[in-house]
Each structure stands twice: as C-alpha cells, then as structure tokens.
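S.K.: Sequence and computational prediction follow.
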Amino acid sequence: MNDKKKLLDELHVLRIRLLEAAETRGSLTDPEVLAISEAADQLIVTLQYIQKRELNRQRHPTPLS
C-alpha cells in the first residue's frame, strides 16, 4: 500500500509539472510537455494495474495454508 501512496504522490507532482510546462511552453505538443504527459500516463497505467490486482484479491482471497 505504501508503494501506491508513493506513486499517487509522484503522479500529483507530474500533474503540477505538466500544467506548468504547458503554460510556460504555450503548447500541449511541446516535447517537454509530451514527455511529462507520457510519464504521467505510465504511472496511471501502473496504478490501474495495482487497483485491479487489489480488487481481484478482495474478490478471490487466497486460502491460508
């Protein structure tokens, strides 16, 4: 769960950087803006994977040995 919190914090930082870069560069297609956006996209996919895994564990708990 700590990893998820860390990733969410990182995503928050990237969102701020993305907004600042887009405003500074004046373009959503600027290479720096796109690079930050792609990094945020990768984090979002990772977080979605974690969320799916957590939901699957809740639905299908593993039996204790």
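M.R.: Alright, I've got the coordinates.

S.K.: Tell me which residues touch Glu32, please.
M.R.: 21, 25 (CB atoms under 8 Å, 6 or more residues apart in numbering). (C-beta placed from N, C-alpha, C; glycine too.)

S.K.: typo on my end, Arg53
M.R.: Arg53 touches nothing, counting by CB under 8 Å, 6+ apart.

S.K.: Please enumerate the helices of this protein.
M.R.: 2-25, 31-59 (DSSP state H).

S.K.: Turn those into a markdown table, columns for mean pLDDT.
M.R.: Listed next are the helices of the chain as a markdown table, based on pLDDT from 0 to 100:
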| stretch | mean pLDDT |
| --- | --- |
| helix 2-25 | 96 |
| helix 31-59 | 95 |
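
S.K.: Look up how far Leu7 lies from the nearest residue to Asp3 once chain neighbours are set aside.
M.R.: The shortest distance from Asp3 to any non-neighbouring residue, by CB to CB, 6 or more residues apart in numbering, is to Ile50 (7.5 Å). According to CB to CB, to the nearest Å, Ile50 and Leu7 sit 8 Å apart.

S.K.: No further queries at this time; thank you.
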